[in-house]
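S.K.: Let's see this in three dimensions:
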Amino acid sequence: MQFFSEENGKLIFRGNGEMLVIEPWGRNSLRVRSVFLGDVTDQSAALLPPDEKAHEVTVITHDNKDSEDPKDSYRSASITNGKIAASCYVQPWGDTLQIVYSEVPSGKVLLKEISNNGALCTKARSFKRISGDVFKLRAKFESDPDEKLYGMGQYQQERMNLKGCNLELAHRNSQASVPFVLSDKGYGFLWHNPAIGEVHFGVDVTEWVAEETKQLDYWITAGDTPQVIIENYTSVVGRAPMMPEYGLGYWQCKLRYFNQEQVLEIAREYYRRKVPVDVLVIDYYHWLRCGDWKFDPEYFPNPKEMVDELTKMGIKCMVSIWPQVDIRSENYEEMKHNGLLVKSRSGVDVQMVFHGDNLFMDATNPRTRKYVWEKIKKNYADLGIKTFWLDEAEPEFTGYDYENYQYYSGSVLETGNIYPREYARLFYEGQKENGQNDIVNLIRCAWVGSQKYGALVWSGDIMSSWEDFRKQIVAGLQMGIAGIPWWTTDIGGFHGGDTTSENFTELLLRWFEFGCFCPVMRMHGSRQPHSKIINKAGEEREVTGAPNEIWSYGDEAYRIMKGYIGIREQLRDYTRNAMKQASESGTPVIRPLFLEFSEDKKSWDVTDEYMFGGNLLVAPICHEGEKKRKVYLPSGCDWVHAFTGIKYQGGCDIETEAPIDVIPVFYRTDKPETFLFKI
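M.R.: Okay, the predicted model is just below:
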């Protein structure tokens, strides 16, 4: 019996009703697809067409014709692409296929499917039919308990090494599932499936689960260093465009500047104080109803004049956009009857309850993307607004009952995780068509490939707490590994920041210092106490928070925050170069220590330090009342404190002082750049 064949450089397996295809896909990489009772499809959720020049392919099907047992013939095969090989073996108990991925030429095993375990009849690839050609899928691999795993996007936890974690493959407010994982064993793995599901990085088995899907689809790559692995990965899913110049400076925001006068008043005050602001953000409910996608004329009577004045001060105006469509919106009926909205499969067709009953526009539908952009162009872009804040991008269903919603692309259980990427795509393609090239849009969620649409992800509506602050350090690093280099967070957190509290001011200042060394430095938050807003019709509108400008927290806080805006300006050339690296090679702007120092084993375990670009090591102060901290300085070079000028030997722990106006930052001595920061 012949199980294997070679077709156009692909290795094909057919057996027990399964068709499995392994083919080269990028440098030192393989794509694996499998279906039950059918043929694999060429549909790609995220992978770009492969560069044929990057392939170094060998396919071998083994004819064991000399074996005494005729059943042994054609039971094994292999495919090699550069530094990675897949060895396939049909196991004698049940004729089930097992695949082992190894490094070439060393033969070191990188990843291995579970075996059938003889009489146990376990399955590495399990298809449980739901209906028609839709299955619940499980894929299982043997797990090395000592392996370290990183990436997967943004989960609100303080763990960097994901070994032992159970992760939901779904988006929520402050959670972005980007299913690429990097192993310290020398491989990267992409679960190329937008279905809602789970992954279990157990000590015995790694298990990937898709709740609804038509085929198994994943991609695996090998590389000598983490940087090479990320470069291989981003070459096949896309990289961020170059960050526009206005992404390198300071962004001012709060919940919310509720009228035109307030926006201009804040901008003028920064201008009078000679504090540079690159972007000023107008938050949500500057509209009357969700889905109107235009300024409420009661509060913004002449937005064109507002945008023009901001432009003269050198400030870009960013506006918030929501994908919700209120049933009272002027666009609701047209969108409903033209099939441009997400559908609820049962019950009342309401998907979010917030200031009214709302449905979501269906970003997976190309007709929706065209319709919505036409509104955005007319009501914002034509006024001179060139950057947008794409909020609610998960989307944030009032109930995360994924089985109850249907997109143009399919059920949410089957395709739901692509929504934020298609939301980003709507704006990026519209802006490109409008002749704009310097594109960056703030967005609250992402999936594989969002970066190529100018997506700057922020970490959602997190709490103003020290615990949440620490979680953001991990979240930003994991997002970079997962291919999303443009990332930011609400400086000070979003919920619960009391402007009258000295404890909150301390948190805000430490967060502000961290924000200076993030890809984008952006102040935001729902500051307490709030003030009510009542319109002329007597309707209560969304509240406005307490002042959140750098002069709002006292003279000492103002001195410190202004000083760090100055440091951000001092770093503009350096930050631009880090952004260029991200655009050209996929290297994250903020990086775990092991990305620069992979040979230093201790660097793989550090969770509260990181590299900002390739030269600066940043160690945030992220515990209340802390005025000094221990810092690990990786081996391979010496280090100099960028505030004090004190030199330290690499490869050891030090303790450094950190008064309220200093974040420990060190530059490496094996690079030509030197730094001196003063507040």
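S.K.: Need the per-residue pLDDT for K53.
M.R.: If you check K53, the pLDDT there is 75.
S.K.: Need the residues that contact the worst-scoring helix or strand of the chain on mean pLDDT.
M.R.: Ranking every helix and strand in the chain by mean pLDDT, DSSP states H and E puts strand 57-62 at the bottom, with a mean of 84. The contact list for strand 57-62, computed with C-beta atoms under 8 Å, 6 or more residues apart in numbering, reads 4-6, 9-11, 24, 74-81. C-beta coordinates here come from the backbone N, C-alpha and C atoms, glycine included.
S.K.: rerun at 10 Å
M.R.: 2-13, 22-24, 30, 72-82, 85-89, 104 (C-beta atoms under 10 Å, 6 or more residues apart in numbering).
S.K.: buried ones in that strand?
M.R.: V57, V59, T61, H62 (16 or more other C-beta atoms under 10 Å).
S.K.: nearest to S501, of those residues?
M.R.: When these are compared for distance to S501 (C-beta to C-beta), V57 wins out at 62.0 Å.
S.K.: So that closest one versus I79, what's the distance?
M.R.: 7 Å (C-beta to C-beta, to the nearest Å).
S.K.: shared neighbours of the two, anything?
M.R.: E6, G9, K10, L11, E23, P24, L30.
S.K.: Relative to A77, how far out is the fourth one?
M.R.: In this structure, L11 and A77 are separated by 6 Å, where distance is defined by C-beta to C-beta.
S.K.: Give me the common contacts of those two.
M.R.: With C-beta under 10 Å, 6+ apart as the test, L11 and A77 both reach F4, S5, I22, V59, I60, T61, A86, C88.
S.K.: P659: neighbouring residues, count only.
M.R.: Each residue near P659 was counted by other C-beta atoms under 10 Å, and the total is 10.
S.K.: likewise Q262?
M.R.: Using other C-beta under 10 Å, Q262 has 15 other residues around it.
S.K.: What of W322?
M.R.: Using other C-beta under 10 Å, W322 has 24 neighbouring residues.
S.K.: Quick check: it touching F360?
M.R.: Yes: taking C-beta atoms under 10 Å as the definition, W322 is a contact partner of F360 at 9.1 Å.
S.K.: Backbone dihedrals for G430, please?
M.R.: Backbone dihedrals for G430, given as degrees, to the nearest 10, come out at phi -70, psi -40.
S.K.: Contact partners for it?
M.R.: With contact set as C-beta under 10 Å, 6+ apart, G430 has these partners: R369, K370, V372, W373, E374, I376, K377, A381, F388, Q436, I439.
S.K.: From N8, how far off is it?
M.R.: Taking C-beta to C-beta as the measure, G430 falls 38 Å from N8.
S.K.: Same check on E433?
M.R.: For E433 relative to N8 (C-beta to C-beta), the value is 36 Å.
S.K.: and what of K294?
M.R.: 52 Å.
S.K.: now swap in S177 and tell me
M.R.: Going from S177 to N8 by C-beta to C-beta gives 33 Å.
S.K.: now do A455
M.R.: Note on A455: its distance to N8, by C-beta to C-beta, is 35 Å.
S.K.: Also W191?
M.R.: 25 Å.
S.K.: okay, these two: which has more neighbours?
M.R.: W191 (25 against 7).
S.K.: nearest spatial neighbour of W466, skipping sequence neighbours?
M.R.: E624 (5.3 Å; C-beta to C-beta, 6 or more residues apart in numbering).
S.K.: ugh, wrong one, R31
M.R.: W25 (3.8 Å).
S.K.: Kindly report the same for M313.
M.R.: Leaving aside its sequence neighbours, M313 sits nearest to Y271 (C-beta to C-beta, 6+ apart; 4.8 Å).
S.K.: Is that neighbour in a helix, a strand, or coil?
M.R.: helix (DSSP: H, G, I helix; E, B strand; the rest coil).
S.K.: How about the contacts made by it?
M.R.: Going by C-beta under 10 Å, 6+ apart, the list of residues near Y271 reads V277, E309, L310, K312, M313, G314, I315.
S.K.: Give me the buried subset of these.
M.R.: Counted by 16+ other C-beta under 10 Å, these give V277, E309, L310, I315 as buried.
S.K.: And stretch 16-29, what's buried?
M.R.: Result for stretch 16-29 [16+ other C-beta under 10 Å]: buried residues E18, M19, L20, V21, I22, E23, P24, W25, G26, R27, N28, S29.
S.K.: and stretch 534-549, how far from the chain's centre?
M.R.: Relative to its chain's centre, stretch 534-549 lies at 32 Å (C-alpha atoms, centre = their mean, to the nearest Å).
S.K.: Kindly report the same for stretch 644-655.
M.R.: Distance, centroid of stretch 644-655 to centroid of chain: 33 Å (C-alpha atoms, centre = their mean).
S.K.: Mind checking what helix or strand follows the host helix or strand of T656 in sequence?
M.R.: Per DSSP states H and E: T656 is located in strand 652-657. Downstream of strand 652-657, the first helix or strand assigned by DSSP H and E is strand 665-668.
S.K.: So which other helices or strands are in contact with that following strand?
M.R.: Judged by 3 or more C-beta pairs under 10 Å, 6 or more residues apart in numbering; DSSP states H and E, strand 665-668 is in contact with strand 616-618, strand 628-633, strand 639-641.
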